[in-house]
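Colleague: kindly generate the corresponding structure for this input.
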Amino acid sequence: MVKIILTLLFPVLIFGGDYEDIDWEVDYSDAIKVAKYQNKPVMVLITTKRCKWCKKLKNRTLSNDTIIGKLNSNFVAVEVTRRKDDYPYKKLRARAVPTIYFLDANGKPLMKPVIGYWNIKNFNSYIKFATRKAIKKGYLK
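Modeller: Residues are numbered from 1 along each chain as shown. Here you go, the predicted model:
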């Protein structure tokens, strides 16, 4: 029994968190509502079903415990699939995926979108930059 439990826990202990540990909102409009209520900025992840770089971003970068903690503490996160009904294509353009927007609670960009796959260290620098921009706009106080 102990071997079974250790076998199941080993990957979690070695690889850290899971992309699903991020507190994802159901859709873009809900994320904006929650952001206004919580006085937090929004992180919008735009993906497609078959995008290998989206999967790599989710499995490596967005599964890191530090990244998960910063996103859950400082942002309202939402993932939208490009070309689906809930994709806010009139507001957020994604010529390539993955594309990540950091927005204020009114849906206005805090910075230029982050396009493509980024490793943990580089993505963390984007989170720090977006956090500083959000603080300047009066969020996260």
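Colleague: straight-line length of stretch 85-98, end to end?
Modeller: Using CA to CA, to the nearest Å, the end-to-end distance of stretch 85-98 comes to 18 Å.
Colleague: and it, how far out from the chain's middle?
Modeller: Distance, stretch centre to chain centre, for stretch 85-98: 15 Å (CA atoms, centre = their mean, to the nearest Å).
Colleague: what residues sit buried inside it?
Modeller: Residues of stretch 85-98 classed as buried by neighbour count (16 or more other CB atoms under 10 Å): Tyr87, Pro88, Leu92, Ala94, Val97, Pro98. Bear in mind the C-beta positions are built from the backbone N, C-alpha and C, glycine included.
Colleague: likewise stretch 49-69?
Modeller: Residues of stretch 49-69 classed as buried: 51, 53-54, 56-58, 60-64, 67-68 (neighbour count, 16+ other CB under 10 Å).
Colleague: other residues contacting it?
Modeller: 15-19, 21-22, 45, 47-48, 71, 81, 97-98, 116-120, 123-124, 127 (CB atoms under 8 Å, 6 or more residues apart in numbering).
Colleague: give me the subset of the residues you listed that lies in strands.
Modeller: Among the contacts of stretch 49-69, the ones falling in strands (DSSP state E) are Leu45, Thr47, Thr81.
Colleague: ok, of the residues you listed, which one's closest to Ile32?
Modeller: Distance to Ile32 across the ones in strands among the contacts of stretch 49-69 (CB to CB) is lowest for Leu45, with 14.7 Å.
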